[in-house]
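Novice: predicted model and sequence follow; I will ask about them next.
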Amino acid sequence: MPVVVVTQRPGRTAEPIAVGLYAPGAGATVSRAGALASIEQGKVENALLGGRPHGKRKIRVTFANPSTRTSGIIYLALPPPGRHSNDRRYEIAIVGIGGGLLTSASTRIPGLVAVTDIADEARSLAEHRGGPLHTTSGGSLDLLRLDRRLTRAHDYRTGALAIAVGMLAALGAVAFLLRSRSLSRAAIVFGAGALILSIDARSTVKDELSREHIVGSEDMSPEAIQAGIEEAGLTGVDAPDCDVANKPIENGDDARCFSQYMRIHALESSGGLTYAEMGRFVAADDPENPAGTNDEAAALTDEEGNPVPNAARNTWVTETALSTALNQSYMAEQLALFGIVVGIALVLSGVGFLALALGGALRRSKAEATTTEKAEEKAVLA
């Protein structure tokens, strides 16, 4: 049975190497077990259906380099154990078909191959015949550019979803005003599309949060944090009304709640000062004061004479970055929820408008038939 070797990249060889990237699965999430099954069987199953295909293996995947080989061989990287968001490509390299970028008729993108092509290519190499993968000019730098381009395309999806939802809402309104059967059908189709995209986006947010293994600390409850606020002497700071103490952060609501508690922790460490109220350096005349100073001449210096950075201010930098990421998760999940609601509304509206349009057409047909009969009766009488 043909063999595919799992490794980051092949060892030293005088032979040219063809390199590329592949997506390990289909759908919002992927897993190592699902990727292995897809590679060995040459087929893929969407994450919504389980993400792990079942059937007969075409090839065998090994984690050790073979001692000898009589044909070309495929090397590739796999996703880490567990389930992850399907937003990353993994390296694949082939020794024995020449150098350059791998290309496939399945993707038609130089450097990007389909996971379903790997099994057929391994069998072709073992049988010394042409397979589904070919090479084109290019190298590692082109591969890096491709990966960055695909990553940007993924990041733009949330914004594109918002635009699509707005356009779909406008389409539904036009269908309602014009009582158009065509627009009603379009509202149903696009509403279903909005539902699929929104559910996928919501699932992605949950998976991304889960993979970070964030757990709320013991004081992340209204009662516990209130005690900390009073102990730190903070004023004008209200305790959040949510509770994530010792709770895994796995959805947008919990992420936003976690970020609210993080802000209070940062305020406790800075004595109630925000980032803008603190200086860049520790003040020499009062090193314990988190307010610090922006004057290098008045700053505390280290052994080399350099100003000592204000650690309390740096804590705020970290807190702001993490809170922003968590709040974006909340925003993305809410936007996806909005898309689901709009999608359902479009589908239901499209069905209703289509029924109204068809009903109106039937009534018009009956009215026209009645008018024709009356005209014929008058002609006979005349």
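Specialist: Perfect, thanks for sending it.
Novice: lowest confidence element among the helices and strands of the chain?
Specialist: Least confident element among the helices and strands of the chain, by mean pLDDT, DSSP states H and E: helix 157-178 (a mean of 58).
Novice: following the chain onward from that one, which element is next?
Specialist: helix 181-211 (DSSP states H and E).
Novice: count of residues packed around residue 315?
Specialist: Neighbourhood size, residue 315 [other C-beta atoms under 10 Å]: 17. All C-beta atoms are positioned from the backbone trio N, CA, C, and that covers glycine.
Novice: same thing with residue 129?
Specialist: 8.
Novice: next, it: secondary structure please.
Specialist: Following DSSP: H, G, I helix; E, B strand; the rest coil, the label given to residue 129 is coil.
Novice: how about residue 100, what does it touch?
Specialist: Shown in contact with residue 100 (C-beta atoms under 8 Å, 6 or more residues apart in numbering): 16, 18, 19, 135, 136, 137, 138, 139.
Novice: cutoff 10 Å now
Specialist: Residue 100 makes contact with 16-20, 110-111, 134-139, 142, according to C-beta atoms under 10 Å, 6 or more residues apart in numbering.
Novice: show me the shaky parts of the stretch 51-200 of the chain.
Specialist: Counting by pLDDT under 70, the stretch 51-200 of the chain has low-confidence residues at 152-184, 187.
Novice: again but with the stretch 251-382 of the chain, I slipped
Specialist: For the stretch 251-382 of the chain (pLDDT under 70), the answer is 353-382.
Novice: quick revisit: now, which of the contacts of residue 100 lie within strands?
Specialist: Residues of those located in strands (DSSP state E): 17, 18, 19, 20, 134, 135, 136.
Novice: and which of these is nearest to residue 223?
Specialist: Nearest to residue 223 out of the ones in strands among the contacts of residue 100 is residue 20 (C-beta to C-beta; 55.0 Å).
Novice: quick check: chain neighbours aside, which residue is closest to that closest one?
Specialist: residue 102 (3.2 Å; C-beta to C-beta, 6 or more residues apart in numbering).
Novice: what's across from that neighbour in the sheet?
Specialist: For residue 102, the beta-bridge partners are residue 135 (DSSP bridges).
Novice: residues near it, how many?
Specialist: Residue 102 has 27 nearby residues by other C-beta under 10 Å.
Novice: just residue 277 next, same as before
Specialist: For residue 277, the count of nearby residues is 14 (other C-beta under 10 Å).
Novice: residue 219 too?
Specialist: Using other C-beta under 10 Å, residue 219 has 16 neighbouring residues.
Novice: I'd say it and residue 232 touch.
Specialist: No: in terms of C-beta atoms under 10 Å, residue 219 does not count as a neighbour of residue 232; the distance is 11.6 Å.
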